[in-house]
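Undergrad: any chance you can model this:
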Amino acid sequence: MNAPADLPPLPPAFVALLDALVPPAWRPRVDASYTAPKAVVFRHNPLRAPDAAAVVAALAPLQPEPVAGMAGVYRLPAHDRQALTHHPLVSDGYLYLQGIASMAAVWALDPQPGEEILDLAAAPGGKTALIAARMGNTGRIAAVEPVRARFFRLKANLQRLGVRCAQLYLKDGAQVGRLVPQRFDRVLLDAPCSSEAQFTRLDPASWAHWSPRKVRASAAVQARLLRSAAQALKPGGVLVYSTCSLSPQEDECVVDALLRERDDLVPEALPWPVDLPALPGLTTWDGAPLHPGLALTRRVLPTEWTDAFFLCRLRKRG
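TA: Sure, this is the predicted structure:
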């Protein structure tokens with residue numbers, strides 16, 4: 001598909017990144033994803049209503065399509081986004097708009113009822129709420145967010161979505177591992193990043209603050225948070241690291257640095273929906289070798305219905 005001639009081009013450094021990462025067979029679909037609005041993906045919230053079918057039926061005349069193999073997950077054409085966003089079922093917390101790769105971070109974490117979970121960069125709260133749903137609102141979630149405005153957005157979202165098992169902390173996540181070492185059964189770090197998943201040629205402002213320098217700065221923050229996450233994890237526990245960035249500097253390279261520092265963390269295969277467009281993680285980048293276990297990570301590609309995302313699951317040795 002050829003892009004409209006009047007759309008502004010993506011930044012040259014980002015195009016070079018796509019050239020390096022995306023196989024030729026995927027490239028037309030990836031390029032097309034930057035030139036049109038995406039389909040909107042949402043999920044049923046069982047904390048508000050147990051019957052997904054009844055809730056989704058109440059969206060009529062909207063006609064969502066179930067996402068194959070993903071119970072309670074649906075999508076609508078891009079032109080229905082506004083109608084869904086402002087629907088009472090969304091504002092009342094029965095449905096929640098959330099990217100499929102974002103949900104996959106919680107699937108990879110695989111939280112169990114009664115466990116103690118750390119969500120280390122929790123705002124705006126979609127993943128926290130999905131963790132609570134997977135746990136049946138039992139156990140305890142420590143949801144950490146350092147930015148005051150985002151913290152209160154997190155609080156409001158969790159209340160709206162019916163989350164009762166979370167305790168919220170306005171705190172720098174990089175301090176948590178030192179304060180409560182080896183406390184949590186599972187840790188999710190969906191790290192702040194350079195937000196490459198937000199890029200669209202329909203809005204040049206989507207990349208106005210992006211640069212290779214921003215990528216490097218993001219990686220430094222991510223490395224501090226990931227060390228804290230690993231320190232807070234119990235022996236035998238699971239740590240999931242994710243970003244909404246394509247850049248290996250923020251993804252495999254951050255994890256590789258941690259694996260070089262610690263020998264008690266082992267990459268594991270991800271539970272993976274078969275139709276989610278993704279590539280195995282890299283084991284070399286910029287001429288340098290990376291930990292071979294990073295082949296088990298996944299980089300979700302941007303398409304007409306998915307956003308760019310990176311996912312890694314680590315197990316701490318018992």
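Undergrad: when you work out contacts or count neighbours from here on, use the C-alpha atoms and nothing else.
TA: OK.
Undergrad: what mean pLDDT does stretch 66-77 get?
TA: For stretch 66-77, the mean pLDDT works out to 93.
Undergrad: ranges for the strands of the stretch 1-150 of the chain?
TA: Taking DSSP state E, counting those that start in this stretch as the test, the strands found in the stretch 1-150 of the chain are 40-44, 65-66, 73-76, 95-97, 116-119, 140-145.
Undergrad: and Val163, which of those is closest to it?
TA: Nearest to Val163, of all the strands of the stretch 1-150 of the chain, is strand 140-145, at 9.7 Å by C-alpha to C-alpha.
Undergrad: what lines up beside that closest one in the sheet?
TA: With DSSP bridges as the test, strand 140-145 is paired with strand 116-119 (parallel), strand 166-170 (parallel).
Undergrad: distance check, the most centrally placed residue in the chain against Gly72.
TA: Among the residues of the chain, the one closest to the centroid is Ser102, at 3.4 Å (C-alpha atoms, centre = their mean). Using C-alpha to C-alpha, to the nearest Å, Ser102 is found at 15 Å from Gly72.
Undergrad: how far away is Gln112 from Ala16?
TA: Taking C-alpha to C-alpha, one finds Gln112 at 41 Å from Ala16.
Undergrad: and the two? Which one has more around it.
TA: Looking at Gln112 and Ala16 with other C-alpha atoms under 10 Å, you find the greater number of neighbours at Gln112, namely 17 against 10.
Undergrad: for that one, which non-adjacent residue is closest in space?
TA: Sequence neighbours aside, Met135 is the residue nearest to Gln112 in space, at 5.3 Å (criterion: C-alpha to C-alpha, 6 or more residues apart in numbering).
Undergrad: surely that neighbour touches Pro111?
TA: Yes: Met135 lies in contact with Pro111 (C-alpha atoms under 8 Å); the separation is 6.3 Å.
Undergrad: quickly find the element holding the closest residue to Leu109 other than its chain neighbours.
TA: Residue nearest to Leu109 in three dimensions, not counting chain neighbours: Val240, with 5.8 Å by C-alpha to C-alpha, 6+ apart. Secondary structure from DSSP states H and E places Val240 in strand 233-243.
Undergrad: ok, Phe151 - contacts?
TA: Phe151 makes contact with 123-124, 145, 170, according to C-alpha atoms under 8 Å, 6 or more residues apart in numbering.
Undergrad: again but with Ala219, I slipped
TA: Residues in contact with Ala219 (C-alpha under 8 Å, 6+ apart) are 193, 249-250, 254.
Undergrad: Tyr169 now?
TA: By C-alpha under 8 Å, 6+ apart, Tyr169 lies in contact with 142-146.
Undergrad: that one pairs with what?
TA: Using DSSP bridges, the bridge partners assigned to Tyr169 are Val144.
Undergrad: looking at it now. What's its pLDDT?
TA: Note for Tyr169: predicted pLDDT of 98.
Undergrad: from Ala143, how far off is it?
TA: On the measure of C-alpha to C-alpha, Tyr169 and Ala143 end up 6 Å apart.
Undergrad: follow-up on the earlier one: quick one: closest of the strands paired with strand 140-145 to Ala232.
TA: The nearest among the strands paired with strand 140-145, by C-alpha to C-alpha, is strand 116-119 at 8.2 Å.
Undergrad: my guess is Leu188 contacts Pro111. True?
TA: No: between Leu188 and Pro111 there is no contact under C-alpha under 8 Å: 9.9 Å.
Undergrad: tell me, what's touching these two both at once?
TA: Common contact partners of Leu188 and Pro111 (C-alpha under 8 Å, 6+ apart): Ile117.
Undergrad: more neighbours, the two?
TA: Leu188 (28 against 23).
Undergrad: need the contact partners of stretch 131-142.
TA: Stretch 131-142 has contacts (C-alpha under 8 Å, 6+ apart) with 45-47, 106, 110-120, 128, 163-169.
Undergrad: for it, what is the average pLDDT?
TA: 98.
Undergrad: repeat for stretch 298-314
TA: 97.
Undergrad: ok now it, how far from the chain's centre?
TA: Averaging C-alpha positions (C-alpha atoms, centre = their mean, to the nearest Å) puts stretch 298-314 8 Å from its chain's average.
Undergrad: partner residues bridging Pro118?
TA: To be clear, residue 118 is Leu; Pro isn't right here. Assessed by DSSP bridges, Leu118 has beta-bridge partners Ala142, Val187.
Undergrad: that one against Gln182, yeah?
TA: No: using C-alpha under 8 Å, Leu118 is not in contact with Gln182, being 11.1 Å away.
Undergrad: name the residue in these two with the higher neighbour count.
TA: Counted by other C-alpha under 10 Å, Leu118 and Gln182 do not tie: Leu118 has more neighbours, with 27 against 17.
Undergrad: residues in contact with that one?
TA: 141-144, 184, 186-188.
Undergrad: and for Gly99?
TA: 40-42, 306-307.
Undergrad: how does it look with 6 Å?
TA: By C-alpha atoms under 6 Å, 6 or more residues apart in numbering, the contact list for Gly99 reads Val41.
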